[in-house]
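Q: Fold the following and give me the result.
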Amino acid sequence: MTAGSRGDVAPFTGLGAGLVRAGYEVTLATHGPFAPLVAGSGVRFATLPGDPRAVMQSLEGRGLHESRSGAGKLLKAAALARDVATEMTPLLVDAARDADVVLAGGAVAPLGYAIAEGLSRPSMGLFLQPLHGTWEFPPPMLAGHRSLGPVGNRWSGNAVAAAIDTVFARAARTLAPEFGLPSTRLAAARRARERQRWPVWHGFSERVVPRPRDWRPGLNICGYWWTHDTSRQLPPELEDFLQAGPPPAYVGLGSATTPDPRRTSAHIVAALRAAGLRGVIQRGWAGLDATKKDVAQEDVVAEDMITVGDVPHSALFPRTAVVVHHAGAGTTGSALRAGVPCVPVPVQFDAFFWASRLVGLGTAPASVPLRHLTAATLGDALRRATTDPAYRARARHIADQLAREDGVAPVASALERMR
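A: Here you go, the predicted structure:
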């Protein structure tokens, strides 16, 4: 079970498909708009209410851009999620009743654990970000990534976990009167999880985020869960574009939004041309478009720029010169897997954490936060990423390492031990 944006769902399609191949029956419980992501995987789908894209594009969702602090953004996001959490609860309980084991994605872990305990089902956590506090870095879910020192990092990590509990507090109070499950206080449940060393598997690589030395036993990093691609085929018009010239840059913000899509698109086009690059621009939830005349300002749009919808990253990224992305957890992994340099454009939440990791790994020359994105800032980063061979060499080295990892096998082995 998981909830949130596409990035909170897509990696679990790959994990689910891998578990199906290992002989398990798997149901993915999440928002209805993401049902097509499991097509052909053998994974069943249980529909939860809510359309995260509509929420993020609403007036309230766009209001997240007005918050300058990570804490402010997190509190606003929590407020948006509370009503949906209550609506999801009956369906999550039904899905858990039909299951032998509950696998709770980080976005719904507090509620998922409470439901599993109430139904006497074994459970595990499946996290896409390091959500447990640590001395080694500040909590990824707080936008910005300056260390607060060992004590401050650990304390703020615990504070973020408490804030996530508040999203599900009202939903958890309905478990007893409506479903006959034991009454649960999520703060107490969180302490119980830690005492019991509740197993959590993290779907990223230790080569990207080394396991913190102060984490308790049971917090495991197993490697990436690669998205199940329903098709490896690229649209014919994109295939023609790729073959018509040198490798282009990919630019996409995934499930992130922008306050002014037209202005952002214009900056992107200008930056690409200043760097001498062709561009594949993905619309995404931000509504980017490089083909409008008032954005492109020239008649050569069809020759050097193309705007596309959803396309499989695994098929496109290896054929690009550089990947410009919003630094979501899944897209970060896909860019690393492709072995190409990148330029992260973090927007909010954990994106700043992943952007800092990419710079630290040497696969990106700099992070260009959306609020600082101009033709000059992005253009400079693109030139550095594509003209200095060190970035591509480092990206290829890491891709070779990731290719030897299997993020599904440790989870399958853990399930086998639960039999």
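Q: From here on, just use CA atoms for contacts and neighbour counts.
A: Will do.
Q: CA atoms of stretch 218-228 as PDB?
A: What follows is stretch 218-228, C-alpha atoms only, in PDB (Å, rounded to 0.1, in the frame of the first residue of the first chain):
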ATOM      1  CA  GLY A 218      16.100  -3.800  10.900                       C
ATOM      2  CA  LEU A 219      16.600  -0.700   8.700                       C
ATOM      3  CA  ASN A 220      17.900  -2.200   5.500                       C
ATOM      4  CA  ILE A 221      19.100  -0.700   2.200                       C
ATOM      5  CA  CYS A 222      18.500  -3.300  -0.600                       C
ATOM      6  CA  GLY A 223      18.900  -1.500  -3.900                       C
ATOM      7  CA  TYR A 224      16.600   0.200  -6.400                       C
ATOM      8  CA  TRP A 225      13.200  -1.200  -7.400                       C
ATOM      9  CA  TRP A 226      13.100  -0.300 -11.100                       C
ATOM     10  CA  THR A 227       9.700   0.800 -12.400                       C
ATOM     11  CA  HIS A 228       7.800  -1.800 -14.400                       C
END
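Q: Tell me how far it lies from the chain's centre.
A: 13 Å (C-alpha atoms, centre = their mean, to the nearest Å).
Q: cool, and stretch 174-183?
A: Distance, centroid of stretch 174-183 to centroid of chain: 32 Å (C-alpha atoms, centre = their mean).
Q: Stretch 308-322 too?
A: 17 Å.
Q: buried residues in that stretch?
A: For stretch 308-322, the buried set under the neighbour-count rule, 16 or more other C-alpha atoms under 10 Å, comprises V308, V311, P312, H313, S314, L316, F317, P318, R319, T320, A321, V322.
Q: and those, which of them are in helices?
A: H313, S314, L316 (DSSP state H).
Q: May I see those organised as a markdown table, with distance to H397 and pLDDT added?
A: As requested, these are exported to a markdown table (distance: C-alpha to C-alpha, whole Å; pLDDT from 0 to 100):
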| residue | distance to H397 | pLDDT |
| --- | --- | --- |
| H313 | 19 | 94 |
| S314 | 17 | 94 |
| L316 | 19 | 97 |
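Q: Output those residues as TSV; include the columns distance to A376.
A: Shown next, in TSV, are these (distance: C-alpha to C-alpha, whole Å):
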residue	distance to A376
H313	27
S314	29
L316	26
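Q: what sits against V102?
A: Under the criterion of C-alpha atoms under 8 Å, 6 or more residues apart in numbering, the contact list for V102 reads M1, A96, G112, Y113, A116, R121, P122, S123, M124.
Q: from what I can see the fourth one touches S123, true?
A: Yes. Under the contact definition of C-alpha atoms under 8 Å, Y113 touches S123, with a separation of 6.8 Å.
Q: Now, the contacts of V102 that are in helices?
A: Per DSSP H, the contacts of V102 map to helices at A96, G112, Y113, A116.
Q: Compute the number of surrounding residues for the last one.
A: Using other C-alpha atoms under 10 Å, A116 has 24 neighbouring residues.
Q: ok, it - contacts?
A: Counting by C-alpha under 8 Å, 6+ apart, the residues that A116 touches are A96, V102, P122, S123.
Q: Who wins on neighbours among those residues?
A: Of these, with other C-alpha under 10 Å as the count, S123 tops at 24 neighbours.
Q: residue boundaries of the strands in the protein?
A: 27-31, 44-48, 102-105, 123-127, 200-202, 219-221, 249-252, 279-282, 305-308, 322-325, 342-344 (DSSP state E).
Q: just the angle between the second one and strand 27-31, please?
A: With axes from the mean of the first three to the mean of the last three C-alpha atoms, to 10 degrees defining the directions, strand 44-48 sits at 30 degrees from strand 27-31.
Q: quick one: strands adjacent to strand 44-48?
A: strand 27-31 (parallel) (DSSP bridges).
Q: and for the strand it pairs with, what are the contacting residues?
A: 1-4, 9, 12-13, 16, 43-52, 92, 95.
Q: what do you get if the cut-off is 6 Å, keeping everything else the same?
A: M1, T2, A3, V43, R44, F45, A46, T47, L48, P49, G50 (C-alpha atoms under 6 Å, 6 or more residues apart in numbering).
Q: Now do the last one, the pLDDT please.
A: Read it as G50. The confidence metric pLDDT takes the value 82 at G50.
Q: Would you mind checking the average pLDDT for stretch 398-414?
A: pLDDT averaged over stretch 398-414 gives 97.
Q: Stretch 142-153 now?
A: 79.
Q: do stretch 336-352 as well
A: On average, stretch 336-352 scores 94.
Q: cool, and stretch 205-214?
A: 97.
Q: Could you give the separation of that stretch from the chain centroid?
A: 18 Å.
Q: list the buried ones in it?
A: So for stretch 205-214, counting by 16+ other C-alpha under 10 Å, buried means S205, E206, V208, R211, P212.
Q: Could you report the distance from the closest residue to L336 other than its chain neighbours to D260?
A: Leaving aside its sequence neighbours, L336 sits nearest to A399 (C-alpha to C-alpha, 6 or more residues apart in numbering; 5.7 Å). Look at A399 and D260: by C-alpha to C-alpha, to the nearest Å, they are 34 Å apart.
Q: Looking at the two, which is more packed in?
A: A399 (19 against 11).
Q: ok now do that one, which residues does it touch?
A: Neighbours of A399 in contact, by C-alpha under 6 Å, 6+ apart: L336, R337, G339.
Q: go with 8 Å
A: L336, R337, A338, G339.
Q: The first one contacts I398, doesn't it?
A: Just to be clear, that refers to L336. Yes. Contact status for L336 versus I398: in contact at 6.8 Å, counting by C-alpha under 8 Å.
Q: just for the stretch 1-150 of the chain, where's the confidence low?
A: Where the stretch 1-150 of the chain drops to pLDDT under 70, the residues are 54-82, 143-145.
Q: what ranges do the helices span in it?
A: 10-21, 52-56, 59-62, 70-97, 109-118, 149-173 (DSSP state H, counting those that start in this stretch).
Q: these two touch, right, Y224 and A409?
A: No. The criterion here is C-alpha under 8 Å, and Y224 misses it with A409 at 10.9 Å.
Q: Give me the more crowded residue out of those two.
A: Neighbours were counted for Y224 and for A409 using other C-alpha under 10 Å; Y224 has more, 26 against 16.
Q: Show the contacting residues for that one.
A: P11, G203, F204, S205, G333, E405, D406, G407.
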